[in-house]
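Q: quick one, structure for this:
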Amino acid sequence: MLTGLAPLVSRRTRVLILGSFPGVASLAAQQYYGHPQNQFWKILQAIWHSSPIASGADSYQSRSEWLLDRQLGVWDVYASCEREGSLDSRIRQPVVNDFAQMLQQCPALEAIVHNGGESFKHARYTALLGLPVYKLPSTSPANASWSFERKLAAWRDVFEKHRLTD
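A: Just a heads-up that it's a prediction; the model follows:
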C-alpha cells in the first residue's frame, strides 16, 4: 500500500487543487507534481508570468512557498492506494482523503479544483463542502489529447473567476 503526501495548504488557501495520487517520481521526491514532464508548474507559471517560479532539483520548497503565496493549495483525493507505475488506471483499493478537515485547515477556502478525471470522480464528496467544484484537464503527460494552450486556458479561467491571477 502506497501512502500519499501531506496537504500543501495554509490558512490563506482560497483554491484547493486536488490531484488523484502522486506518481512514482513525485512519491520518490516527496513533491507534488515532481515528474519533469507534468505541466502543473509550467501552467501556474504561465498564469502568474510576472512572478517566476524557482526551478531545479532543490527548488521544491521555494515553489511550495510561491504556490501558497498565491493562496493556492495542493492535495490528492486518495490518501493511499495500491498501484504499479504512475497511471491512474492502475490505482487499486484507494482510500479517499477526509476533505472536511480542509475547512478547518483552510478557513478562507472558496473553491475546489480537480486536476483530471480520476480526481473528479470524487467531486460528489468535495461538493459536500458547499463550495464551487471545477473539473480541469489533467496536467499529466498522459493527457496528450489536450494541448498546453488549451489546458492553460481552462486553468486560467477558473483562477480568474476567483481573482487569483496577475
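
Q: what residues are bridge-paired with V133?
A: Taking DSSP bridges as the rule, V133 bridges to I112.

Q: going forward, the N-terminal residue is numbered 24.
A: Sure, I'll start counting at 24 from here, so that last one is V156.

Q: okay, helices next: where are they in the chain?
A: For the chain, applying DSSP state H gives helices covering 47-52, 63-70, 83-92, 124-128, 140-143, 146-149, 171-184.

Q: what's the closest of these to S112?
A: helix 140-143 (8.2 Å; CB to CB). (Glycine included, C-beta is placed from N, CA and C.)

Q: could I get the helices of the chain as a markdown table with mean neighbour count, mean pLDDT and distance to G27?
A: As requested, those are arranged in a markdown table below (neighbours: other CB atoms under 10 Å; pLDDT from 0 to 100; distance: least, CB to CB, whole Å):
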| stretch | mean neighbour count | mean pLDDT | distance to G27 |
| --- | --- | --- | --- |
| helix 47-52 | 16 | 93 | 8 |
| helix 63-70 | 19 | 96 | 16 |
| helix 83-92 | 16 | 95 | 16 |
| helix 124-128 | 14 | 92 | 14 |
| helix 140-143 | 20 | 96 | 12 |
| helix 146-149 | 16 | 94 | 16 |
| helix 171-184 | 16 | 97 | 22 |
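
Q: quick check, P117 in contact with S103.
A: Yes - with contact defined as CB atoms under 8 Å, P117 reaches S103; the gap is 7.3 Å.

Q: neighbour count winner among the two?
A: P117 (22 against 16; other CB atoms under 10 Å).

Q: now that one: how far from G140?
A: Applying CB to CB, to the nearest Å, the value for P117 to G140 is 14 Å.

Q: same check, this time on A52
A: Per CB to CB, A52 is found 24 Å from G140.
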